[in-house]
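*Asks:* Attaching a predicted model along with its sequence, questions to come.
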Amino acid sequence: MRLTIIGSSGSFPGPDSPASSYLVEADGFRLLLDMGNGSLGALQRHIDIYSIDAVYLSHLHADHCFDLCSYWVARLYHPHGAKSRIPVYGPTGVADRVAEAYGLDPDPGMTEAFDFHELSPGSFDLGPFSVRVDRVNHPVEAFGIRLEHGGASLTYSGDSGTCDALVDLAENADLFLCEAAFHDHLEHPKDMHLTGSEAGEHATRARARSLLLTHLVPWNDDDLTLAEARSTYSGPIGIARSGQIHKIG
């Protein structure tokens, strides 16, 4: 598997990165995990945007899904004709939510460009990937995802506070792409996001083989987030940056 960080900024785009978006490739199949604000522009630095085979939306907050609206325009109104429909996986109400975001009538909404599938906890196959998803701890319905292919595994947290389901998804994962939006020394809402040390704790409990911190809010100190995570996790660890490429397995 090959992971490209398209955007790793949390809550809103930062000066050096769009909001959350991650490209995962295997056997020529291209899966986009989340399409946060600004991600469609950055995606074009890496691939032909019409070569995406499927999109997964972890939840329906703007910093994880709103560039699907722009992608709908790009697919439906291409001057050489509309592109074929591709699957979009997301929480309950995903089709209506993105249609509403663009001011469309829910019927047909964006269904001319996308074949929507609502997520529920469980496993399924998507292209070459074996996929498992489960609900994680966030104020809206949100999912973490585990992808496996060819003996390699990647877990992506989406947005989550402390959560046993996230530990289960990341068990022995080769790479745990985990949000770390909060700092330990500041007060913050419960059941929303992880601190760096909490991300490290989850990775340690899961025995994840490596940890990559993401969803980094622009006003935070990334070096401090990294230090917090290192205080609770002893394996290989890094900060996700837009443009990075990681080979998994």
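*Replies:* Ah, there it is. Residues are numbered from 1 along each chain as shown.
*Asks:* Alpha carbons of stretch 76-91, as PDB, please.
*Replies:* The C-alpha coordinates for stretch 76-91 follow below in PDB (Å, rounded to 0.1, in the frame of the first residue of the first chain):
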ATOM      1  CA  LEU A  76     -20.300  16.300 -13.600                       C
ATOM      2  CA  TYR A  77     -19.400  19.300 -15.700                       C
ATOM      3  CA  HIS A  78     -16.200  18.300 -17.400                       C
ATOM      4  CA  PRO A  79     -16.200  19.900 -20.900                       C
ATOM      5  CA  HIS A  80     -15.700  16.500 -22.600                       C
ATOM      6  CA  GLY A  81     -18.700  15.000 -20.800                       C
ATOM      7  CA  ALA A  82     -19.600  13.800 -17.300                       C
ATOM      8  CA  LYS A  83     -17.400  11.200 -15.700                       C
ATOM      9  CA  SER A  84     -18.800   7.900 -14.600                       C
ATOM     10  CA  ARG A  85     -20.200   7.500 -11.100                       C
ATOM     11  CA  ILE A  86     -17.900   6.400  -8.400                       C
ATOM     12  CA  PRO A  87     -18.800   5.000  -4.900                       C
ATOM     13  CA  VAL A  88     -18.800   7.400  -1.900                       C
ATOM     14  CA  TYR A  89     -18.900   5.800   1.600                       C
ATOM     15  CA  GLY A  90     -20.000   7.900   4.500                       C
ATOM     16  CA  PRO A  91     -22.100   8.100   7.700                       C
END
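*Asks:* List the contacts of that stretch.
*Replies:* 50, 52-57, 59-60, 65, 68, 75, 94, 97, 110-119, 126, 140-143 (Cβ atoms under 8 Å, 6 or more residues apart in numbering). C-beta: built from backbone N, CA, C; applies to glycine.
*Asks:* For those, which PyMOL command selects only the ones that are buried?
*Replies:* Isolation of the buried members of these (16 or more other Cβ atoms under 10 Å) is achieved in PyMOL through the command below:
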select buried, resi 52+54+55+56+57+59+60+65+68+75+94+97+110+111+113+114+116+117+119+126+141+142+143
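*Asks:* from the contacts of stretch 76-91, which ones fall inside helices?
*Replies:* Of the contacts of stretch 76-91, the ones assigned to helices by DSSP state H are C65, L68, R75, V94, R97.
*Asks:* Would you point out the most distant pair within those?
*Replies:* Across those, the longest distance by Cβ to Cβ is 17.9 Å; it joins R75 and R97.
*Asks:* Surely P139 and K190 touch.
*Replies:* No. When contacts are counted by Cβ atoms under 8 Å, P139 is not listed as touching K190 (10.1 Å).
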